[in-house]
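> Okay, sequence plus prediction incoming.
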Amino acid sequence: MNIYKNKKVFLTGHSGFKGTWLYKILETIGSDVFGYSLAPITTPNHFDLLGSKDSFSGLFADIRDKNSLQNTLLSFNPHIIFHLAAQPLVRESYKNPYETFEINALGILNLLYIVYKIKDQLSNLKAIVVITTDKVYENKEWIWGYRENDRLGGFDPYSASKACGEIVVDSMRQSFFNIADFTILHNILIATARAGNVIGGGDFSQDRLLPDLIRGVINKKPTIIRNPYSTRPWQSVLEPLRGYLLLGKKLLQGETKFASSFNFGPDINGNLKVLEMLEIAKSMWNKINYEIQEDSINPHEANLLMLDTSKAYHLLQYKPILNTIDSIEHTITWYKKFVEDKEIITQKQIIEYLNGGGESHNLNHKNTSKNTSKNKNHTKTLNYIEILLLNNLSNKYKINQSKNAA
């Protein structure tokens, strides 16, 4: 990632869960980062835990405020923009659909239109990576992973607003930042990144599985689980962020074939049911407690959702460093340190990951010849997880399937 050293990076949504992690990664690898975001809305939150404004260079402002956004971009003159600012919650989108569309679709339009208007004054700018979601696809509840050329759609306002954002990007790219005109009429390449369910320390959002579990631990109450059989592509927050950086690198290098959409997610084994995730998390921290209370009047959410990441694998050589078990372990470790020791280990986990600690850990899982003892330990872990899932969950699935059949 040497290309980011001393580069000026404009990061929208820098006060959010993924934004704070990306900011600190960029800072660690030597970038000059400036954030643009609303203030955090939860207490606690990762932004404040990392030092608040004393630890982040940026501005609290609204992506919908065109004048503020334009003036900030002109003043900073970045080399690359990562756009993460969003209303990120499905259930919140049912409560505030208008605001969700305004932020998630028109917020992207504001950014790209302003860049188009002032591109001649943004002499440094070469790349924009717009972050959307795995939920941009028209969900057919099928067992295959969605590919980047599958049809966009969205039942709930959040998913639909993000799909609209993808359409906005494609229209603006084709109309004003067309790769056929690159280096002739403009010097900016634009891509979108679609990531699966991200887990990691510092997320305190409402209606997200692990943050809800942690609140239960803190309050000493069981967490109510509403959709235990939904399947999601779980991955560490560090994984898609590395994917975004790899994609941004290609854009900065002027490689036009990367000015398109990319999925970032775990391998097939990372697609777990909520109930499987719960059992694994509880096995790692026995203070986690939950109760399943399925509610038929809950707002609609997709039951089965997986991504096909072949494009990122082949074109970006992207594949997860941390497998799903590692990702859950990293996340639980962060929260245990926070709850029990009042310690924030974000920077420690970033440095370990960037220094290959996560990669070495994952390779040790696979390589029996180089490190027998570590492989045996991992085999025990896998066997434990397999036994846990097969023995504890198979009867529950059979019972559930029987009810559905009836």
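Perfect, I can see it now.
> The residue nearest to R147 when sequence neighbours are not counted and Y137, how far apart?
Leaving aside its sequence neighbours, R147 sits nearest to D308 (Cβ to Cβ, 6 or more residues apart in numbering; 4.6 Å). In this view, the C-beta of every residue, glycine as well, is placed from N, C-alpha and C. Remark: distance between D308 and Y137 (Cβ to Cβ, to the nearest Å) = 10 Å.
> Compare those two (neighbour count), which wins?
Using other Cβ atoms under 10 Å as the criterion, D308 and Y137 rank with Y137 on top: 25 against 16.
> Can you name the residues that contact the closest residue to the more buried one other than its chain neighbours?
Residue nearest to Y137 in three dimensions, not counting chain neighbours: Y146, with 4.2 Å by Cβ to Cβ, 6+ apart. By Cβ atoms under 8 Å, 6 or more residues apart in numbering, the contact set of Y146 is 134, 137, 263, 305-308.
> which of these are buried?
134, 137, 263, 305-308 (16 or more other Cβ atoms under 10 Å).
> Format those as CSV; extra columns: secondary structure, distance to F60 and pLDDT.
Listed next are those as CSV, based on DSSP: H, G, I helix; E, B strand; the rest coil; distance: Cβ to Cβ, whole Å; pLDDT from 0 to 100:
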residue, secondary structure, distance to F60, pLDDT
D134, helix, 28, 94
Y137, strand, 33, 96
N263, strand, 31, 97
L305, coil, 33, 82
M306, coil, 36, 87
L307, strand, 33, 91
D308, coil, 38, 94
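> Please enumerate the strands of the stretch 201-350 of the chain.
For the stretch 201-350 of the chain, applying DSSP state E, counting those that start in this stretch gives strands covering 223-225, 231-233, 235-236, 261-264, 271-273, 290-292.
> Among those strands, which comes closest to L152?
strand 261-264 (9.7 Å; Cβ to Cβ).
> Show me the contact partners of that closest one.
134, 145-148, 166, 191-196, 235, 239-240, 243-244, 247, 307-309, 311-312, 315-316, 318.
> Give me the distance between H79 and G145.
Applying Cβ to Cβ to H79 and G145 gives a distance of 33 Å.
> hang on, isn't T72 packed against Y36?
Yes: with contact defined as Cβ atoms under 8 Å, T72 counts as touching Y36 (5.9 Å).
> if we can go back for a sec, nearest to I128, of the contacts of Y146?
Closest approach to I128 among the contacts of Y146 (Cβ to Cβ): N263, at 18.2 Å.
> which residues does the closest one bridge with?
Following DSSP bridges, N263 is listed with bridge partners R194.
> all numbers from here: first residue = 357
Sounds good: first residue 357 from here, last item N619.
> How confident was the prediction at the residue nearest to Y493?
On the pLDDT scale, Y502 is placed at 94.
> any idea how far Q530 is from it?
From Y502 over to Q530 (counting by Cβ to Cβ), the distance is 22 Å.
> The residue nearest to R503 reaches W498, doesn't it?
No: using Cβ under 8 Å, D664 is not in contact with W498, being 11.5 Å away.
> Does T376 lie in a helix or a strand, and which?
helix 373-384 (DSSP states H and E).
> quick check, distance from that helix to the centre of its chain.
12 Å (Cα atoms, centre = their mean, to the nearest Å).
> Then stretch 464-481?
Per Cα atoms, centre = their mean, the centroid offset for stretch 464-481 relative to its chain is 25 Å.
> Just put the strands of the stretch 557-706 of the chain in a markdown table and tack on distance to F538.
Formatted as a markdown table, the strands of the stretch 557-706 of the chain follow (distance: least, Cβ to Cβ, whole Å):
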| stretch | distance to F538 |
| --- | --- |
| strand 579-581 | 48 |
| strand 587-589 | 32 |
| strand 591-592 | 32 |
| strand 617-620 | 17 |
| strand 627-629 | 36 |
| strand 646-648 | 51 |
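> Which residues are in contact with T384?
So T384 contacts 703, 706-707, 710 (Cβ under 8 Å, 6+ apart).
> So which of those wins on neighbours?
Greatest neighbour count in the contacts of T384, by other Cβ under 10 Å, goes to I706: 18 neighbours.
> wait, doesn't it sit right on K380?
Yes: I706 lies in contact with K380 (Cβ under 8 Å); the separation is 5.9 Å.
> Where in the protein is the helix or strand with the lowest mean pLDDT?
In the chain, the helix or strand scored least confidently by mean pLDDT, DSSP states H and E is helix 728-761, which has a mean of 39.
> contacts for stretch 518-535?
Here stretch 518-535 makes contact (Cβ under 8 Å, 6+ apart) with 442, 457, 460-461, 463-465, 468-469, 472, 486, 488-489, 491-493, 508-510, 541-542, 544-546, 548, 612, 615, 617.
> Mark which of those residues are part of strands, please.
486, 545-546, 548, 617 (DSSP state E).
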